[in-house]
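>>> what would the 3D arrangement of this be:
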Amino acid sequence: MVRHCDGHSRISVVLAGTLRETAAKRREAEVGVLGVAVKSADAPHATQFGPHGACVASIDLDRLIDDDRRSRTRWRWMPGPALDKELRATLTALVEIRAQPAHGETQDGLREACLLLLDRLASAPPHRRAERSWLRSVRERIDDAPQDSPGVTELAGEVGVSTTHLTRCFNAAYGRSVTDYRTLRRIERAVDRLAEPGARLAEVAIETGFHDQAHFTRRFRALIGTTPALWRRRLLTF
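Okay, the predicted model is just below:
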């Protein structure tokens, strides 16, 4: 999509696929599943979608929050792996509320979820340390093939550091452990498969690096806040 303004203040959540957006002053974000954006109505940005497209849930804020709060809304993306567990749970609740009929109680819940999410995004701390080249290579190794990514000890050996050093530096740079990051990347791949109506959960689990369907469901619920089956039903309603 060429450079444009949305015309409405909104929150956007990536449910499947990937996209890249570029805003003013060359600010750029590339995000996958559970990446979340807050955008003002007049924020110009260009959008590129990944090779398989993207499914995005957009929440119009103009009718949900007051003018003063909207006036302080600015363009900002946060990728899924940067979100802490509490914020991901808020996002999951927001998506589930969005999928329900628009009666009064649902609108109240949606309004509260949006306000809480805006507060969390505004107060989210930046990464504490800059990304190092060897650390980037570990992250890219996981990104390229999360289903086949080795364990922490092997990854540490590949870049010539101790397991302890890798664990501390990775958490400082990306806000989570190597194992959690790899699991979330696997789940992102799984969500792409869940978007296919005929995909079987057991097959998706094995293809994306989980031991079996039960292991997949446990990790999915722990990180996303709901089951793969329910997430797929929500996804197919958008």
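>>> please count neighbours and contacts with C-alpha atoms only from this point.
Will do.
>>> residue contacts, the nearest residue to residue 114 once chain neighbours are set aside?
Ranked by Cα to Cα, 6 or more residues apart in numbering and with sequence neighbours excluded, the top spatial neighbour of residue 114 is residue 94, at 7.3 Å. For residue 94, the contacting residues are 110, 113-114, by Cα atoms under 8 Å, 6 or more residues apart in numbering.
>>> the helix or strand hosting residue 94: what's the following helix or strand?
Using DSSP states H and E, residue 94 falls within helix 85-98. For helix 85-98, the following helix or strand on the C-terminal side (DSSP H and E) is helix 104-123.
>>> could you measure the residue of the chain most remote from its centre against residue 169, distance?
Most distant residue from the mean C-alpha position of the chain: residue 160, 30.1 Å away (Cα atoms, centre = their mean). Distance check for residue 160 against residue 169: by Cα to Cα, to the nearest Å, it reads 13 Å.
>>> over to residue 37?
Relative to residue 169, and taking Cα to Cα, residue 37 is found at 26 Å.
>>> same deal with residue 7?
Distance from residue 7 to residue 169, by Cα to Cα: 41 Å.
>>> repeat that for residue 34.
Taking Cα to Cα, one finds residue 34 at 24 Å from residue 169.
>>> more neighbours: which of these two?
Neighbour count, other Cα atoms under 10 Å: between residue 34 and residue 169, residue 34 has more, with 26 against 20.
>>> what's the closest non-adjacent residue to the more buried one?
Using Cα to Cα, 6+ apart, the nearest residue to residue 34 is residue 80, at 4.6 Å.
>>> ok, now residue 120?
residue 87 is the one closest to residue 120 (Cα to Cα, 6+ apart), at 7.1 Å.
>>> count residues in the vicinity of residue 120, would you?
Neighbour tally, residue 120, other Cα under 10 Å: 15.
>>> turn the contacts of residue 94 into a markdown table, including pLDDT, neighbour count and distance to residue 20.
Formatted as a markdown table, the contacts of residue 94 follow (pLDDT from 0 to 100; neighbours: other Cα atoms under 10 Å; distance: Cα to Cα, whole Å):
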| residue | pLDDT | neighbour count | distance to residue 20 |
| --- | --- | --- | --- |
| 110 | 73 | 22 | 26 |
| 113 | 77 | 19 | 25 |
| 114 | 80 | 22 | 23 |
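>>> adding distance to residue 134, write the residues you listed out as TSV.
What follows is these, written out as TSV (distance: Cα to Cα, whole Å):
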residue	distance to residue 134
110	42
113	38
114	37
